[in-house]
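Chemist: Predicted model follows, preceded by the sequence.
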4 protein chains.
Amino acid sequence: MNESKPRKYHPQKTRKAIIDAGLSLLDLHGYHGTSVDKIAKDAGITKGAFYHHFKSKEELLALIHQEYAEYQLKAMEEVLDRNLSSEDQLRALVVSIVEAVGLYKPNVTVFFHERRYLTEKYLKQTTKQRDQLEKAFRRVIEDGMRSGEFRQDLDSKATCLGIIGMCAWMYQWFSPDGRLSASDVADTFSSLLIDGLVA
Amino acid sequence: MNESKPRKYHPQKTRKAIIDAGLSLLDLHGYHGTSVDKIAKDAGITKGAFYHHFKSKEELLALIHQEYAEYQLKAMEEVLDRNLSSEDQLRALVVSIVEAVGLYKPNVTVFFHERRYLTEKYLKQTTKQRDQLEKAFRRVIEDGMRSGEFRQDLDSKATCLGIIGMCAWMYQWFSPDGRLSASDVADTFSSLLIDGLVA
Amino acid sequence: MNESKPRKYHPQKTRKAIIDAGLSLLDLHGYHGTSVDKIAKDAGITKGAFYHHFKSKEELLALIHQEYAEYQLKAMEEVLDRNLSSEDQLRALVVSIVEAVGLYKPNVTVFFHERRYLTEKYLKQTTKQRDQLEKAFRRVIEDGMRSGEFRQDLDSKATCLGIIGMCAWMYQWFSPDGRLSASDVADTFSSLLIDGLVA
Amino acid sequence: MNESKPRKYHPQKTRKAIIDAGLSLLDLHGYHGTSVDKIAKDAGITKGAFYHHFKSKEELLALIHQEYAEYQLKAMEEVLDRNLSSEDQLRALVVSIVEAVGLYKPNVTVFFHERRYLTEKYLKQTTKQRDQLEKAFRRVIEDGMRSGEFRQDLDSKATCLGIIGMCAWMYQWFSPDGRLSASDVADTFSSLLIDGLVA
DNA sequence: AATGAATGAGTATTCATTCAT
DNA sequence: AATGAATGAATACTCATTCAT
């Protein structure tokens, strides 16, 4: 197979190396704090090669956004497609976000911190994805309220954004190596949200 | 008196103008996306004057952090000093954070997004302040659990960070001009957290 | 061959142009009196290109030091390797320094005036080279004294540094276009040093 | 006397403090490497006060030149006025320069390194002073040659500049705290120059 | 006599990107 | 596919000097 001849160029490997290096650097130092030069160096290539694979630094940023957003939306759609009670749907959504944050923490950090540096061209996509994420939550909450499964005295928008915040905020503190697993967190959040704190 | 002689130099006004311009720009474009040149221009002064008032761009960033952190910590201490039930204390803490986000939204955004660009010298302060904020929440939650007022089956760390996340996240979506006031949000959050979503 | 295709990039030429321009400017206006901007302009390139070839202004300064120091040390080693009387060795050393000053006057000026602006990283080299230069002289003088060829009543350190000073000082006044050639100066210095002024 | 009332302003002390701080800084970091701000801070005053005492940074530089040059010229004139043999005159000149370097080392360093940064206005003085210094030496050497006291086969210009170099160079290595005193150095130099190295 | 505010030009260096090889 | 040369604009920060107080 391929192993017989040592190849000089491995475009897919190079591309992967750029994305990995870029993701890590953007997570750590932000978009404007990360230079193309540094990304290239960390990926083991030259600046010139970077521009062979990406049209611009922004294109890489957009890709990193997409990687996470696509995963997240698909995960949430799968939840919505299952025929569950509102409570179970909420629980499943929380699990899905929390676990995504656990898996894609650098992407999520970049998603929340660097999105504003995308210009119109790339911003549209991510804004749409962001809205879909919010919409999914609103549907579950509002359906649950309408059906009487959830309380009807809470403002649905504030409720949704509060729940999203609780989950999304994980990117600020969660560590995969810590005592709590993503699934522990998901259990705590779901239970807290559904039944409340009061004894 | 002051009005009688028109003065040319107004150091306090200049300083204020720098902070205002800087806060707004850092909020909008981030630390590395904001140049000292632009801050100076927006403040109506020259770059040189900026450096007369601040030793560095970082010093301004640190000041903006402090402004918010000091306000927030004081507000939270006042809550803890009052003799309230755990439930009321939690409610009051939520109100205090949510209202601070309402008042200091740009500072809060900067606090959460740009803190990582502070170097050791300035980082210590803000890290301490951040820890104090978390500690206040933990005390309320854990006291409530110990006294039996709150459920004891939830992980207290995840619970605290979830609640903080719900409140802090507001900086991502809250607008003082929107339909919901900070106090509406505080009511919704408190009620949701204490009694849960379930009908 | 080379003439057949007109090329646009000539990295070696560019590098040479930077060194030439830098040498001349550092000689005339000193390290802190010479801007990278000016060096680039005089070399016919942009500031960006300068930094493509040199990591910093200091690196260029260090290179200019090295160029001269290496030449000088090699010239002196060759003298020491020849089997000569102390008197002839001294004469040859003086000739070697005086001629080097004649050839590398700008480098020598920079060497003596701007060395102090080198920071640790680059300073080590040049300090070592400087010490070697002094050591070569001391060896010749002290050998001559021991063997009885030279007077033994003079302090060897002061003698050496005096001789070095006489030669090195040339960078302050010598002009290759003047009446005196480097070799005239070397003859005068040697003769003066060996036999003295007295008739 | 003055001690009875504590005074607020001490213009002479302030002026002295500026000169001392400036001298030390210019010696260590050169003209372009020393900021007025730093001089003022080291002198314990503000930048504004500096400009109250000196019209410009250059004026301070010129003053430092003058301080040394005046001393040096006076010392040399005194030598020339005495009725001495050429040999004794030369010896006395060497002593006078070497001792001046011992006393005014920072001024001498500044004199030789930073003179080029003086602009026309201030340069004239120092150039004149420099020429006078050289002229004094030439007179002694040429008189000695004419009278037959000194050898007549040496080029007088190269001889003079060589001797001046030997003495002036001291600023590069002499330390008042070292083993050799200025007078030791003067003895060695005179003896070497007059009788030569040969045994 | 001295301070502190302000300026405007300048300084070394970095950076995203393009292009020749 | 990849490199290395080059650009031009930007960046944080400094500096000598002036002026109001």
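Modeler: Looks like it arrived, so ask away.

Chemist: Check whether the helix or strand of chain A at the bottom of the mean pLDDT ranking comes near DNA strand E.
Modeler: Ranked by mean pLDDT, DSSP states H and E, the weakest helix or strand in chain A is helix A:120-146, scoring a mean of 91. No. Taking C-beta under 7 Å from any atom of the strand as the criterion, helix A:120-146 and DNA strand E are apart, separated by no less than 11.4 Å. From N, CA and C alone the C-beta is placed, and that goes for glycine too.

Chemist: for that helix, packing partners?
Modeler: Under the contact criterion of 3 or more C-beta pairs under 8 Å, 6 or more residues apart in numbering or on different chains; DSSP states H and E, helix A:120-146 touches helix A:57-81, helix A:86-103, helix A:156-168.

Chemist: in it, what's buried?
Modeler: Buried residues in helix A:120-146, counted by 16 or more other C-beta atoms under 10 Å in any protein chain shown: A:122, A:126, A:129, A:130, A:133, A:136, A:137, A:140, A:141, A:142, A:144, A:145.

Chemist: what's the answer for stretch A:102-122, then?
Modeler: Within stretch A:102-122, the residues that qualify as buried by neighbour count (16+ other C-beta under 10 Å) are A:102, A:104-115, A:117-118, A:122.

Chemist: Low-confidence ranges, chain A, go.
Modeler: Counting by pLDDT under 70, chain A contains low-confidence ranges at A:1-8.

Chemist: Can you give me the domain assignment for it?
Modeler: For chain A, the structural domains run A:8-54, A:57-195, going by automatic domain parsing.

Chemist: who are the neighbours in contact with residue A:159?
Modeler: By C-beta atoms under 8 Å, 6 or more residues apart in numbering or on different chains, the contact list for residue A:159 reads A:141, B:188, B:192, B:197.

Chemist: Please report how far it lies from residue B:175.
Modeler: 17 Å (C-beta to C-beta, to the nearest Å).

Chemist: So the closest residue to DNA strand F within chain A: helix, strand or coil?
Modeler: As assessed by C-beta to the nearest atom of the strand, DNA strand F sits closest to residue A:48 within chain A, at 2.3 Å. With DSSP: H, G, I helix; E, B strand; the rest coil as the basis, residue A:48 sits in helix.

Chemist: And the buried ones among the contacts of residue A:159, selectable in ChimeraX?
Modeler: A single ChimeraX command selects the buried members of these (16+ other C-beta under 10 Å):
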select /A:141 /B:188,192,197
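
Chemist: need the contacts of residue A:159 in CSV with distance to residue D:73 and secondary structure, can you?
Modeler: Formatted as CSV, the contacts of residue A:159 follow (distance: C-beta to C-beta, whole Å; DSSP: H, G, I helix; E, B strand; the rest coil):
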residue, distance to residue D:73, secondary structure
A:141, 94, helix
B:188, 89, helix
B:192, 90, helix
B:197, 95, coil
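
Chemist: Pick the one among the contacts of residue A:159 closest to residue C:36.
Modeler: residue B:188 (58.7 Å; C-beta to C-beta).

Chemist: And for stretch A:37-53, what's in contact with it?
Modeler: Contacts for stretch A:37-53 (C-beta under 8 Å, 6+ apart): A:11, A:14-15, A:17-18, A:20-22, A:24-25, A:36, A:57, A:60.

Chemist: measure it end to end?
Modeler: The first and final residues of stretch A:37-53 sit 14 Å from each other (C-alpha to C-alpha, to the nearest Å).

Chemist: now swap in stretch A:170-189 and tell me
Modeler: End-to-end distance (C-alpha to C-alpha), stretch A:170-189: 11 Å.

Chemist: buried sites along it?
Modeler: Within stretch A:170-189, the residues scored as buried using 16+ other C-beta under 10 Å are A:170, A:171, A:172, A:173, A:174, A:180, A:182, A:185, A:186, A:187, A:188, A:189.

Chemist: now swap in stretch A:42-58 and tell me
Modeler: Buried residues in stretch A:42-58, counting neighbours by 16+ other C-beta under 10 Å, are found at A:42, A:43, A:45, A:49, A:50, A:53, A:54, A:57.

Chemist: Nearest to residue D:75, out of the residues you listed: which one, please.
Modeler: Nearest to residue D:75, judged by C-beta to C-beta, of those is residue A:42 at 64.7 Å.

Chemist: is the helix or strand encompassing that closest one up against DNA strand E anywhere?
Modeler: Using DSSP states H and E, residue A:42 sits in helix A:36-43. Yes. Counting by C-beta under 7 Å from any atom of the strand, DNA strand E is contacted by helix A:36-43 at A:36, A:37, A:38.

Chemist: Repeat that for stretch A:19-31.
Modeler: No. Against DNA strand E, stretch A:19-31 shows no contacts by C-beta under 7 Å from any atom of the strand, the least distance being 7.9 Å.

Chemist: How about that stretch, which residues are buried there?
Modeler: Of the residues in stretch A:19-31, A:19, A:21, A:22, A:23, A:25, A:26, A:27, A:30, A:31 count as buried by neighbour count, 16+ other C-beta under 10 Å.

Chemist: Please determine how far the second one is located from residue A:13.
Modeler: Using C-beta to C-beta, we find residue A:21 at a distance of 12 Å from residue A:13.

Chemist: go on, the fifth one?
Modeler: As judged by C-beta to C-beta, residue A:25 and residue A:13 stand 18 Å apart.

Chemist: Next: the fourth one.
Modeler: In this structure, residue A:23 and residue A:13 are 16 Å apart, going by C-beta to C-beta.

Chemist: Can you give me the neighbour number for residue A:35?
Modeler: By the measure other C-beta atoms under 10 Å in any protein chain shown, the count of residues near residue A:35 is 13.

Chemist: Report the contact partners of the residue nearest to residue A:90 when sequence neighbours are not counted.
Modeler: Distance criterion C-beta to C-beta, 6 or more residues apart in numbering or on different chains; nearest residue to residue A:90, sequence neighbours excluded, is residue A:140 at 5.6 Å. Contacts for residue A:140 (C-beta under 8 Å, 6+ apart) come out as A:80, A:86, A:89, A:90, A:93.

Chemist: any idea how far residue A:14 is from residue A:152?
Modeler: Noted for residue A:152: a distance of 55 Å to residue A:14, by C-beta to C-beta.

Chemist: Show me which of the two is the more surrounded one.
Modeler: Comparing residue A:152 with residue A:14 by other C-beta under 10 Å, the one with more neighbours is residue A:14, at 17 against 10.

Chemist: Spell out the secondary structure type for that one.
Modeler: Residue A:14 - assigned by three-state DSSP - is helix.

Chemist: cool, and the one 4 residues further on?
Modeler: For residue A:18, the assignment made with three-state DSSP gives helix.

Chemist: Touching, it and residue A:59? I think so.
Modeler: No. The pair residue A:18 and residue A:59 fails to qualify as a contact (C-beta atoms under 8 Å) at a distance of 10.6 Å.

Chemist: about what we covered before: closest to residue B:163 among the contacts of residue A:159?
Modeler: residue B:192 (10.1 Å).

Chemist: How about the contacts made by that closest one?
Modeler: Residues in contact with residue B:192 (C-beta under 8 Å, 6+ apart) are A:154, A:159, A:162, A:193, A:196.

Chemist: Could you report the distance from it to residue A:93?
Modeler: In terms of C-beta to C-beta, residue B:192 sits 15 Å off from residue A:93.
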